[in-house]
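Participant: need a structure here:
(one chain, ligands or ions: 1)
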Amino acid sequence: MSLVTAAAFSDTLEAHLAKARIEDEGIACYISDQHIVSADWFLSGAVGGVKVQVAPGDLDAARKILGSPVAPPAAAAPEYTCPDCGSHDVQINSFARRLAFMFIVLAALPIPWRPMRCNACDHTWRPRRGSA
Ligand SMILES: [Zn+2]
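Facilitator: Alright, predicted model coming up:
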């Protein structure tokens with residue numbers, strides 16, 4: 001099967017990002033010349049860059065995908081919720097943060113527990129493993 005170049009990039013990372021965007025839309029996609037560019041970046045111009053290639057029938061769709069703006073990532077769900085009032089405005093208790101900092105600085109070890117404090121109602125609690 002012959003492939004056609006949908007886009008070419010000066011470095012491997014950009015090519016892999018483009019490949020991921022194309023594959024995310026269900027189009028098979030390949031990268032060529034990534035190893036020669038990785039071995040010597042100055043050869044990127046000589047070989048035409050790291051090429052993202054697709055089947056000839058997928059070329060227009062792939063170029064359309066790469067030409068469209070990247071969608072912003074969806075907002076992540078809040079990691080912790082106050083069990084008392086349900087607020088998401090919570091933080092690790094400041095004493096635990098100082099203690100963790102001391103452990104990291106003095107012993108290079110993290111503490112296994114992190115008491116949480118709600119900024120809305122001042123409630124403090126210790127989160128269980130696997131629960132928010
Ligand atoms: Zn609260």
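
Participant: Name the next helix or strand downstream of the host helix or strand of residue 17, please.
Facilitator: Assigned by DSSP states H and E, residue 17 belongs to helix 12-24. Proceeding C-terminally, helix 12-24 gives way to strand 30-32 as the next helix or strand, assigned by DSSP H and E.

Participant: and the lowest-mean-pLDDT helix or strand in the chain, which residues are buried?
Facilitator: Ranked by mean pLDDT, DSSP states H and E, the weakest helix or strand in the chain is helix 94-102, scoring a mean of 77. Of all the residues in helix 94-102, those buried under the rule 16 or more other C-beta atoms under 10 Å are 96, 100. All C-beta spots, glycine's among them, are computed from the backbone N, C-alpha and C.

Participant: got it, and stretch 52-59?
Facilitator: Residues 52, 53, 54, 58, 59 are the ones in stretch 52-59 that count as buried (16+ other C-beta under 10 Å).

Participant: can you put those residues in a markdown table and add pLDDT?
Facilitator: Formatted as a markdown table, the buried residues of stretch 52-59 follow (pLDDT from 0 to 100):
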| residue | pLDDT |
| --- | --- |
| 52 | 95 |
| 53 | 96 |
| 54 | 96 |
| 58 | 94 |
| 59 | 94 |
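
Participant: now, among these, which is nearest to the ion?
Facilitator: Nearest to the ion out of the buried residues of stretch 52-59 is residue 52 (C-beta to the ion; 48.7 Å).

Participant: rewinding a little: who does the helix holding residue 17 touch, helix- and strand-wise?
Facilitator: Here helix 12-24 touches strand 4-9, strand 30-32, helix 34-39, strand 50-54, helix 59-67, going by 3 or more C-beta pairs under 8 Å, 6 or more residues apart in numbering; DSSP states H and E.

Participant: hey, least reliable of those by pLDDT?
Facilitator: Comparing mean pLDDT over those, the weakest stretch is helix 34-39, at a mean of 89.

Participant: So which residues make contact with that one?
Facilitator: 10, 11, 12, 15, 43, 44, 47, 49, 50 (C-beta atoms under 8 Å, 6 or more residues apart in numbering).

Participant: at 7 Å what do you get?
Facilitator: With C-beta atoms under 7 Å, 6 or more residues apart in numbering as the contact definition, helix 34-39 has outside contacts at 11, 12, 15, 43, 44, 47, 49, 50.
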